[in-house]
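> Sequence first, then the predicted structure:
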Amino acid sequence: QVQLVESGGGLVQPGGSLRLSCAASGFTSSSYAMRWYRQAPGKERELVAAVSSTGGTTSYSDSVKGRFTISRDNAKNTMYLQMNSLKGDDTAVYYCMAVTLGTGTTYWGQGTQVTVSS
């Protein structure tokens, strides 16, 4: 049974940093890409960043480019999102998602709250 568990959210002041983690379990291999999404109150869920199955290819939304860094450690079955220079607009519930190569099956974590406020 595949499970994704996010951690690392919390309250941070504007300009601060947080690192989110997403621990994956139940996969038989590392043949899955991963993504971070976020959803702010009253808004649709949006894609924040993506990383390939090997970690060699990454992409970012324009709103976080240059401030956030996505990475993954396949030896630890964990994906990360380093968030720097946080702004109030970054306040949201952050979700990790995995999509298996070939079948395209998707799995979601339960989300972790990030609040940027002074």
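Cool, the structure landed.

> where does residue 30 land on pLDDT?
pLDDT recorded at residue 30 is 79.

> quick one, what contacts the residue nearest to it when sequence neighbours are not counted?
In space, residue 30 comes closest to residue 74 once its chain neighbours are excluded; the distance is 4.4 Å by C-beta to C-beta, 6 or more residues apart in numbering. (Glycine included, C-beta is placed from N, CA and C.) For residue 74, the contacting residues are 30, 54, 55, by C-beta atoms under 8 Å, 6 or more residues apart in numbering.

> Arrange those residues in JSON lines, one row each, with secondary structure and neighbour count as further columns.
Below are these laid out as JSON lines (DSSP: H, G, I helix; E, B strand; the rest coil; neighbours: other C-beta atoms under 10 Å):
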{"residue": "30", "secondary structure": "coil", "neighbour count": "16"}
{"residue": "54", "secondary structure": "coil", "neighbour count": "11"}
{"residue": "55", "secondary structure": "coil", "neighbour count": "16"}
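
> could the residues you listed be laid out in a markdown table, adding distance to residue 6?
Listed next are those as a markdown table, based on distance: C-beta to C-beta, whole Å:
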| residue | distance to residue 6 |
| --- | --- |
| 30 | 19 |
| 54 | 22 |
| 55 | 18 |
